[in-house]
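Undergrad: task: produce atomic coordinates for the following.
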Amino acid sequence: MKNNVALITGASSGIGKELAYIHAEKGYDLVIVARNQQKLKEIKSDLENKYNVQVKTITKDLSKSAAPKEVYDEVKSAGIEVEYLINNAGFGGHGKFHERDWEKDLMMINLNITALTALTRFFLPDFVARNRGKVLNVSSTASYMPGPLQAVYYATKAYVTFFSNAIAEELHDTKVTVTNLMPGATETDFGAVSGMDKTSLFKKPASARTVAEDGYNAMLKGKLDIISGLKPMQRAMLSMLPFMSKKMKLKTVRQMQEIN
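TA: You can find the predicted model right below:
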């Protein structure tokens, strides 16, 4: 496996799955990572049959602290040189912070922040040593503001955005790039899992394929940030955020996230 290999986390569904198909359609090999072994096997079989590429599957729960290093070690021991690292895995959750299950929020922090950071830390030295490679981190437009009723999720995505931007600048004198993808509401399992599918934010969400294409193309170009999947009114609201008081922002976001 030597053909522009992309490692994609959360590749069993949604944006991650679409990213895997986009990469395979170009004739490039893949390492796909997720918890659902059966879905990974099905995707592997489909991609290899349709596009004549090699696909390695790694079944791993990245919310476990040892998992990122285990993924890196497995890739290295297989002699695979990763060209693109795509940190897509993540999940959210709806409700007041003090009422939510703490273990679920802790898993969210471990997956959305710790696993993404660890995988970037393990693979980045290899990229820098080769002076070649691209990182795509999937954040969210949620990273622009605090998120009442999704306090932990919004905070984790703010971390992803600022972390990605910071290391992109650290690498300014190399040919290694870090791109931060910020989708709006997207047609994936996220809405149902987080409970957000019952809110006004998730009326007519963007397709996962569109968001994946935007992110993938921005990564190839080495862009710093890419916003995808927003309707015109949502883009207008995003542009107004710097001019709104914090209290007004908090109230507006809370109202948008209340279950109807």
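
Undergrad: wait, isn't E83 in contact with V135?
TA: No - in this structure E83 lies outside contact range of V135 using C-beta atoms under 8 Å: 10.6 Å. For glycine as for every other residue, the C-beta is placed from the backbone atoms N, C-alpha and C.

Undergrad: the two: which is more packed in?
TA: Taking other C-beta atoms under 10 Å, E83 and V135 do not tie; V135 has more neighbours (24 against 18).

Undergrad: just the residues contacting the helix or strand encompassing that one, thanks.
TA: Using DSSP states H and E, V135 sits in strand 133-138. Here strand 133-138 makes contact (C-beta atoms under 8 Å, 6 or more residues apart in numbering) with 10, 15-16, 19, 82-88, 90, 116, 120, 123-124, 126-127, 160, 163-164, 167, 176-181, 183, 215-216, 218-220, 222.

Undergrad: over to stretch 167-177?
TA: 120, 124, 127-128, 131-135, 178-180, 219, 222-224.

Undergrad: put the buried members of these into a ChimeraX selection.
TA: Buried residues within the contacts of stretch 167-177, by 16 or more other C-beta atoms under 10 Å, are selected in ChimeraX with:
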select :120,124,127,133,134,135,178,179,180,219,223
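
Undergrad: in helices, which of the contacts of stretch 167-177 fall?
TA: 120, 124, 127-128, 219 (DSSP state H).

Undergrad: what's the most distant pair in those residues?
TA: V128 and M219 (17.1 Å; C-beta to C-beta).

Undergrad: pLDDT-wise, which helix or strand of the chain ranks last?
TA: helix 190-194 (a mean of 54; mean pLDDT, DSSP states H and E).

Undergrad: what sits up against the helix or strand that it is followed by?
TA: Note on helix 190-194: by DSSP H and E, the next helix or strand toward the C-terminus is strand 206-207. For strand 206-207, the surrounding residues in contact (C-beta under 8 Å, 6+ apart) are 183-187, 228-230.

Undergrad: check contacts around T156.
TA: If you count contacts by C-beta under 8 Å, 6+ apart, then T156 has 90, 108-109, 112-113 around it.

Undergrad: what's the answer for Y144, then?
TA: 158, 182, 238, 241.

Undergrad: out of these, who's nearest K39?
TA: M182 (25.6 Å).

Undergrad: I'd guessed the closest one sits against M145; true?
TA: No - the pair M182 / M145 is not scored as a contact, 11.8 Å apart, by C-beta under 8 Å.

Undergrad: more crowded one of those two?
TA: For M182 and M145, the more surrounded residue by other C-beta under 10 Å is M182, and the numbers stand at 26 against 18.
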